[in-house]
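A.B. asks: sequence first, predicted model second:
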Amino acid sequence: GVATFTTSPTTLPAGANNITAVYGGDSTFATSTSSAIVQTVNKANVTVTVLVNPNPPLSGHPSTFTVTVASASGVGTPTGSADIIVNGFPVTQTLDGSGQATRSTILVGSGSIGFSATYAGDANFNSGTQVTLTAAPSSGSTFTGWSGACTGTSTCTVTMSANTTVTAQFATSAPAQFQL
């Protein structure tokens, strides 16, 4: 006879898994156990996204940096913690059940800020390999571009293999002028 075993992608942990088949026997045939085969499950890759609200941050007002760590394949949810780095100062935050962590801070002064995040990985997911940054200026401001590891004005995606600096640059929009 033939037996089939099906498992979901989240049932076997990452690493080497020994799998055996056991036949319980019947009135004609004795019980039997197969030799083990090794099924290796690789850790899954993740995407790491950082958003800031409001964007751009307002001097003297609270800003919230939200990091989302997601499975690149869409299967499973990464656990553990992420380092949220604002202007070079990292703070480690625990991921919630949806793979998010937040950091609130009050920024003082004007100019550009640097923000990023890193994820160290867990038993089933690799460390953060990619950071996607999206600039969304608040009312009265415009996004003027990226500098550092990204250029241009579209979404910035960087592959993280070492400390990387990306700066989002914003300008205050001039108020509309009307002639009477």
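C.D. replies: Yep, that arrived.
A.B. asks: wait, A3 sits on A21?
C.D. replies: Yes. Between A3 and A21 there is a contact under CB atoms under 8 Å: 6.5 Å. (C-beta placed from N, C-alpha, C; glycine too.)
A.B. asks: more crowded one of these two?
C.D. replies: More crowded of A3 and A21, by other CB atoms under 10 Å: A21, with 12 against 7.
A.B. asks: distance of that one relative to F29?
C.D. replies: 14 Å (CB to CB, to the nearest Å).
A.B. asks: swap in P54?
C.D. replies: Going from P54 to F29 by CB to CB gives 71 Å.
A.B. asks: who has more neighbours, the two?
C.D. replies: Taking other CB under 10 Å, P54 and F29 do not tie; P54 has more neighbours (15 against 10).
A.B. asks: ok, that one touching A135?
C.D. replies: No. P54 is beyond contact range of A135, at 11.8 Å (criterion: CB under 8 Å).
A.B. asks: confidence score at T77?
C.D. replies: With respect to pLDDT, T77 has a value of 91.
A.B. asks: report how many residues lie close to the closest residue to it other than its chain neighbours.
C.D. replies: Using CB to CB, 6 or more residues apart in numbering and skipping the chain neighbours, the partner closest in space to T77 is G99 (5.0 Å). Residues lying near G99 (other CB under 10 Å) number 23.
A.B. asks: now G128
C.D. replies: Neighbours around G128, by other CB under 10 Å: 24.
A.B. asks: host element of it?
C.D. replies: Assigned by DSSP states H and E, G128 belongs to no helix or strand.
A.B. asks: mind checking how far it is from T151?
C.D. replies: 22 Å.
A.B. asks: now do F125 against S8, distance only.
C.D. replies: Distance from F125 to S8, by CB to CB: 16 Å.
A.B. asks: more neighbours, these two?
C.D. replies: Comparing F125 with S8 by neighbour count (other CB under 10 Å), the higher total belongs to F125, at 25 against 8.
A.B. asks: once you drop chain neighbours, what's closest to that one?
C.D. replies: Once chain neighbours are set aside, the closest to F125 by CB to CB, 6+ apart is P78, at 4.4 Å.
A.B. asks: I'd say I85 and F115 touch.
C.D. replies: Yes. Using CB under 8 Å, I85 is in contact with F115, at 6.5 Å.
A.B. asks: so what sits against both of these two?
C.D. replies: Common neighbours of I85 and F115 are not found (criterion: CB atoms under 8 Å, 6 or more residues apart in numbering).
A.B. asks: would you map the strands across the protein?
C.D. replies: Ranges of strands within the chain are 15-19, 22-23, 32-33, 37-41, 46-53, 62-71, 81-86, 89-94, 100-106, 113-119, 130-133, 141-148, 156-159, 166-172, based on DSSP state E.
A.B. asks: quick one: list the elements packing against the first one.
C.D. replies: Yep, that's strand 15-19 we're talking about. Where contact means 3 or more CB pairs under 8 Å, 6 or more residues apart in numbering; DSSP states H and E, strand 15-19 is packed against strand 37-41.
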